[in-house]
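Student: here is the input, now give the coordinates:
(chains A, B, C and D)
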Protein chains: 2
Amino acid sequence: MAVTINDVAKEAGVSITTVSRVINGNYPVKQETRQRVEEAIKKLNFQPNPIARSLVCRKTNSIGIVVPSITNMYFTEVVDGIEKYARMNSYDIFLNITNGDAKAEINAVNKFIERYVDGIIVVDPQTENILSGFYNEIVNTVPVVFVNGYHQEIDLSFVISNEENGFKNALKHLNKTGHKNIIFVRGESSYSYDLKENIYKKFIKNIGSREYILTVNAGNSIEVVENTKKAILSISSEIKLGEDFTALIACNDLMATGVLNACLELGIKVPDEFSIIGFDNIILSQMTTPKLSTVDQNMKKLGEKSAEMLLNYIESGYEADKVLINTKLVLRESCRL
Amino acid sequence: MAVTINDVAKEAGVSITTVSRVINGNYPVKQETRQRVEEAIKKLNFQPNPIARSLVCRKTNSIGIVVPSITNMYFTEVVDGIEKYARMNSYDIFLNITNGDAKAEINAVNKFIERYVDGIIVVDPQTENILSGFYNEIVNTVPVVFVNGYHQEIDLSFVISNEENGFKNALKHLNKTGHKNIIFVRGESSYSYDLKENIYKKFIKNIGSREYILTVNAGNSIEVVENTKKAILSISSEIKLGEDFTALIACNDLMATGVLNACLELGIKVPDEFSIIGFDNIILSQMTTPKLSTVDQNMKKLGEKSAEMLLNYIESGYEADKVLINTKLVLRESCRL
DNA sequence: CACCCCTTTAGAAAACGTTTTCAGTTATAT
DNA sequence: ATATAACTGAAAACGTTTTCTAAAGGGGTG
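Tutor: Model (predicted):
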């Protein structure tokens, strides 16, 4: 069927060894011979079978990426960053979506290992899998890098967004522009939510103002927006938005959008009467009216950086490391300037 | 390093042939022998090397998916559908993002073929690649199915969303709920936009009303929303929204969102003064206030169906075919009911 | 009962398409 | 002349599946 190295060798009148050498250029071949081989390759349009290659070299030039969801604009940008970097460096990528299920995540990783991928990136790993030590074993077999997720005192490789910094800046901005009482909205349970809540509490205590934490039910992207909107609507009788509290900071842009939708429905003017700041800077944040002020996590860079680390590990060996990606407050229209 | 079929054979005291046979169950093996082998496999935790397997069987149990963008909620759901179906049937998926570049699409397909994927799904193929005959050659090598895109008189396999039907229904609904003058907004050039424009024109002529076609510049998702908003804003002096025209139908939900944003800014009440219907039913359409009425394309099903077709081709041989997926008008809050 | 034929079961070896090791020959430099 | 470098090929290796060959067992026939 397909043309093999044997056909080329025959055509050029050399051994397959020589053909292999001119292909890989890792061994001296006489100029004249090389030329003959190259002509044969071109003439027959020969392309080395990567499978045969993989078998002997134990290298597949592929990486696996496991991600909780792909209908989530956050992850989508991370994956985009990974894909671009990987492809630029001629790695192909396998995709596996786990729906945030811990078992599914483990299965995905094991499947990738069986497939002999050269490396694995896990976006937002399940905390229990990190803590169980599962990955500490895996990492002896194949390099793994994680994008975000729980990483305290864990000897694994992470690319982490500097959420503290960005979140603190958002809080500061709100306060600097005259807001004292600021609502905090978070989801049910996640390392990142806890992190932000702690910062929020400390900040509020520092400026001596009133704390208000709203926890909304998780779910898919649509549900997050919906649930947040409902939650805001339901507290709006108990608490006067725009008076008792004049600002709100949300753990992500979906929640912020939900808040915005609630304000629209309640007739509360954003940002004139009420300021909102989201987090992440997903594309949605530029599709609302007013456009959301938010903290840019640079998901694309998170993805690129994780891919860069992974490829380095593949080439030069694995060694646990953590790299921090800066976040940046981006002021748009949903808060005072 | 890893345990091979040889280790198992030695452990069980049989030949590798026998081990292979109990693994694949394609040849009679004495009950007792089988048991011994199975125990050895379990004891050593043997997993056949898929690469060696691929080399001899010429089957990789993987499919390639090429998609213009992954930060586009439309494609994202298609990919989600494909991934789920493929994984359920134990195929792994390779992902390649082309950014809508025709050359990149060709490269992606060629790369996948070099990798010996068992099949390829191309989402929204570039019309020029379809017309050039490129794929008609490819299809002799490996099955390919397309999701949407140009498909007139083309002898290739498509899963197509029945856009005509859904679009017509949306138009009818608008007219039935008292709208006569309806604006049509489309992007620059695409088979699907042309299709809808033709239906629109015919419909408007039929009901004897005034035609107004607004073409907005393409770009990424954010730009589409933005450009549409600007376009609406700029025609709003020339044309009285809510008076001259009381409704609008857009070629996709991003455009519809842009329109909605413009109305919000202009103080035009949706749907009381102005009705909007989008197209696609991407998640964004449920995140706006009011929620967008739209035509559901069931992208997930498009993905699933294309994967189903592809796997059938892989098992039973390729044969060009077209299957139509129904669309459905979903009425929410952005238009009269 | 001996013989033959067929079925069941099993292994040796070839094949898949590469890379790499080993051995060897020729040319070049000292 | 000799050591070294440049160049080449045969064969082993990677880990499977599959083909080919064959032994063992069972049942029917003369």
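
Student: in the top helix by length along chain A, what's buried?
Tutor: As assigned by DSSP state H, the longest helix anywhere in chain A is helix A:299-316. For helix A:299-316, the neighbour count (16 or more other C-beta atoms under 10 Å in any protein chain shown) marks A:299-314 as buried. No exception for glycine: its C-beta is placed from N, CA and C like everyone else's.

Student: and the residue in the stretch 151-300 of chain A that DNA strand C sits nearest to, what are its bridge partners?
Tutor: Closest contact between the stretch 151-300 of chain A and DNA strand C, by C-beta to the nearest atom of the strand, is at A:S157 (26.5 Å). As for beta bridges, A:S157 partners with A:V145 under DSSP bridges.

Student: pLDDT score assigned to it?
Tutor: Among the per-residue scores, A:S157 shows a pLDDT of 98.

Student: what's the answer for A:D244, then?
Tutor: On pLDDT, A:D244 comes in at 89.

Student: residues touching the nearest residue to it once chain neighbours are set aside, list them.
Tutor: With C-beta to C-beta, 6 or more residues apart in numbering or on different chains as the criterion, A:D244 has its nearest non-adjacent residue at 6.2 Å, and that residue is A:N181. Neighbouring residues of A:N181 by C-beta atoms under 8 Å, 6 or more residues apart in numbering or on different chains: A:209-210, A:212, A:244-247.

Student: give me the number of residues near the residue of the stretch 151-300 of chain A closest to DNA strand C?
Tutor: For A:S157, the count of nearby residues is 23 (other C-beta atoms under 10 Å in any protein chain shown).

Student: which residue ranges of chain A form strands?
Tutor: A:62-67, A:92-97, A:119-123, A:144-147, A:157-161, A:182-187, A:211-216, A:247-250, A:275-277, A:294-296, A:322-325, A:328-330 (DSSP state E).

Student: in its sheet, what does the second one sit against?
Tutor: Counting by DSSP bridges, the strands paired with strand A:92-97 are strand A:62-67 (parallel), strand B:92-97 (antiparallel).

Student: just the residues contacting it, thanks.
Tutor: Strand A:92-97 is contacted from outside by A:61-70, A:79, A:82-83, A:86-87, A:108, A:111-112, A:115, A:117, B:62, B:79-80, B:83-84, B:87, B:92-96, B:111, B:115, using C-beta under 8 Å, 6+ apart.

Student: how close does A:E304 get to DNA strand C?
Tutor: A:E304 sits 29 Å away from DNA strand C, going by C-beta to the nearest atom of the strand, to the nearest Å.

Student: residues making contact with stretch A:227-238?
Tutor: A:185, A:214, A:216-217, A:219, A:241, A:250, A:254-255, A:257-259, A:261-263, A:265-266.

Student: how about it, which residues are buried there?
Tutor: In stretch A:227-238, counting by 16+ other C-beta under 10 Å, buried: A:227-229, A:231-232, A:236.

Student: mean confidence for it?
Tutor: Averaging pLDDT along stretch A:227-238 yields 95.

Student: for ChimeraX, write the selection for the buried entries among the contacts of stretch A:227-238.
Tutor: The command below creates a ChimeraX selection of those among the contacts of stretch A:227-238 that count as buried (16+ other C-beta under 10 Å):
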select /A:185,214,216,241,250,254,255,257,258,259,261,262,263
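
Student: tell me the contacts of the closest residue to DNA strand C within the stretch 201-337 of chain A?
Tutor: Distances between the stretch 201-337 of chain A and DNA strand C by C-beta to the nearest atom of the strand are smallest at A:E315, namely 14.3 Å. By C-beta under 8 Å, 6+ apart, the contact set of A:E315 is empty.

Student: how about low-confidence regions in chain A?
Tutor: The model of chain A has pLDDT under 70 over residues A:1.

Student: for the most centrally placed residue in it, which non-adjacent residue is spatially closest?
Tutor: For chain A, A:V78 is the residue whose C-alpha lies nearest the centre (C-alpha atoms, centre = their mean; 3.6 Å). Counting by C-beta to C-beta, 6+ apart, A:G303 is the residue found nearest to A:V78 once chain neighbours are left out, at 4.2 Å.

Student: what about that neighbour, distance to DNA strand D?
Tutor: Look at A:G303 and DNA strand D: by C-beta to the nearest atom of the strand, they are 32 Å apart.

Student: quick check: that residue touching A:N148?
Tutor: No. Taking contacts as C-beta atoms under 8 Å, A:G303 lies outside contact range of A:N148: 10.8 Å.

Student: centre of the chain to the longest helix of chain A, how far?
Tutor: 11 Å (C-alpha atoms, centre = their mean, to the nearest Å).

Student: now swap in stretch A:223-235 and tell me
Tutor: Counting by C-alpha atoms, centre = their mean, stretch A:223-235 comes out at 26 Å from the chain centroid.

Student: same thing with stretch A:152-164?
Tutor: With C-alpha atoms, centre = their mean as the basis, stretch A:152-164 stands 13 Å off its chain's centre.

Student: tell me the spacing between A:G219 and B:S62.
Tutor: Between A:G219 and B:S62 the computed distance is 32 Å (C-beta to C-beta, to the nearest Å).

Student: isn't A:S334 up against A:S275?
Tutor: Yes. A:S334 is within contact range of A:S275, at 6.8 Å (criterion: C-beta under 8 Å).

Student: identify the contacts common to these two.
Tutor: Joint contacts of A:S334 and A:S275 (C-beta under 8 Å, 6+ apart) are A:S293.
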